[in-house]
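**Q** Dropping a prediction and its sequence here:
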Amino acid sequence: MIRFSIAAIALIAVTVAGRAATAAPIQYGDFDGTTVMYLDVQEESSTDPGLGLFGAPTISGDALDFNPQAFAASSSGLDSDVTDSNLQFMIKAKPGQGIATVFFAEAGDTTLTGLAGEAETTVGTSVFVDIVEVDGLPVSFSVPAGTMTFTPKDDFLLSVDGSGTKVWNGSLFLDLGPFAAANGIKGAITKINVSLDNTLSAASVAGTSAFIQKKDADALVITVETETIVPEPATIVSALIGLGLLGVARRRV
């Protein structure tokens, strides 16, 4: 079995460099959801500077949906190709809400062809989350980096998988509650920063070809679940005093 060490090295190098691409980020702006807002959504590519590989997203409820048209890597005989892009944005909970979980899901397909020789495609996505606000007050906590799990897998080989097109799906579920508890974070998480490094690679030898892409529909969907903030009794009393309502209530007793 021939493995493509050049493509593997390039994949690692681009993944590391993806967060520091030199081209100016492409700005997509802010998106208003039901209970959260996605702020300052932007992307930059170290392999295709200046190109919006993901494209402008749309929002439905609290889910941000990207449908790229040209996020792909291809190879046709004795070469390799790596395509990388980094997404960055802030998620801010609306008043009375706290960010509980974030779910990342993406999909695509890969096509390998050839009667003899080897061809390979890979997909990888790393996710970085920083908690930057709790109960509306600034904090700084970095959640351990996560990587998407792909089905049926993240690495396709012509010698193993045969010619043809295969569909792949990736996902990562982040429950911020256990991390908050383990780090003594009390209160509701109201703002987080998110960064995603997305990489596709393709390599082939003479007589073969390799192609991999993110789908042009629901290629990447980010969904947030929130929890309603219930004030502590002391907080409720303080609020009533501040409004002058507690004194009124007592006079009526």
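**A** Received it, and whenever you're ready, just let me know what you need.

**Q** ok, Thr226 - contacts?
**A** 35-36, 62, 93, 97-100 (Cβ atoms under 8 Å, 6 or more residues apart in numbering). From N, CA and C alone the C-beta is placed, and that goes for glycine too.

**Q** if we go to 7 Å?
**A** Thr226 makes contact with 35-36, 93, 97-100, according to Cβ atoms under 7 Å, 6 or more residues apart in numbering.

**Q** Mind giving me the packing neighbours of the longest strand along the chain?
**A** The longest strand of the chain (DSSP state E) is strand 97-114. Judged by 3 or more Cβ pairs under 7 Å, 6 or more residues apart in numbering; DSSP states H and E, strand 97-114 is in contact with strand 119-134, helix 158-161, strand 164-175, helix 176-182, strand 189-204, strand 208-214, strand 220-228.

**Q** what would those look like in CSV with mean pLDDT and distance to Thr111?
**A** CSV is the format used below for the helices and strands packed on strand 97-114 (pLDDT from 0 to 100; distance: least, Cβ to Cβ, whole Å):
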stretch, mean pLDDT, distance to Thr111
strand 119-134, 97, 8
helix 158-161, 96, 10
strand 164-175, 97, 5
helix 176-182, 95, 38
strand 189-204, 97, 10
strand 208-214, 97, 5
strand 220-228, 94, 20
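
**Q** Tabulate the ones you listed (JSON lines), appending distance to Ser142.
**A** Converted to JSON lines, the helices and strands packed on strand 97-114 look like this (distance: least, Cβ to Cβ, whole Å):
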{"stretch": "strand 119-134", "distance to Ser142": "5"}
{"stretch": "helix 158-161", "distance to Ser142": "37"}
{"stretch": "strand 164-175", "distance to Ser142": "13"}
{"stretch": "helix 176-182", "distance to Ser142": "10"}
{"stretch": "strand 189-204", "distance to Ser142": "9"}
{"stretch": "strand 208-214", "distance to Ser142": "27"}
{"stretch": "strand 220-228", "distance to Ser142": "19"}
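
**Q** right, and these - which one's nearest Phe66?
**A** Ranking the helices and strands packed on strand 97-114 by proximity to Phe66 (Cβ to Cβ) places strand 220-228 first, at 4.3 Å.

**Q** Which of the helices and strands packed on strand 97-114 sits closest to Gln69?
**A** strand 208-214 (9.6 Å).

**Q** what does the closest one contact?
**A** Around strand 208-214, the neighbours that count as contacts under Cβ under 7 Å, 6+ apart are 68, 71-77, 106, 108-114, 117-121, 123, 158, 200, 202-204, 220.

**Q** related to what we said a few turns ago, strands paired with the longest strand of the chain, and their directions?
**A** strand 164-175 (antiparallel), strand 208-214 (antiparallel), strand 220-228 (antiparallel) (DSSP bridges).

**Q** Nearest to Asn86, out of these?
**A** strand 220-228 (12.4 Å).

**Q** Tell me the buried residues in that closest one?
**A** Neighbour-count burial for strand 220-228, counted by 16 or more other Cβ atoms under 10 Å, picks out 220-224, 226.

**Q** Same question for stretch 47-67.
**A** 47-48, 51-55, 57, 59, 62-67.

**Q** What is the distance between stretch 92-100 and the centre of its chain?
**A** With Cα atoms, centre = their mean, to the nearest Å as the basis, stretch 92-100 stands 19 Å off its chain's centre.

**Q** Could you give the average pLDDT over that stretch?
**A** Averaging pLDDT along stretch 92-100 gives 97.

**Q** Please report the separation between the first and final residues of it.
**A** 12 Å (Cα to Cα, to the nearest Å).
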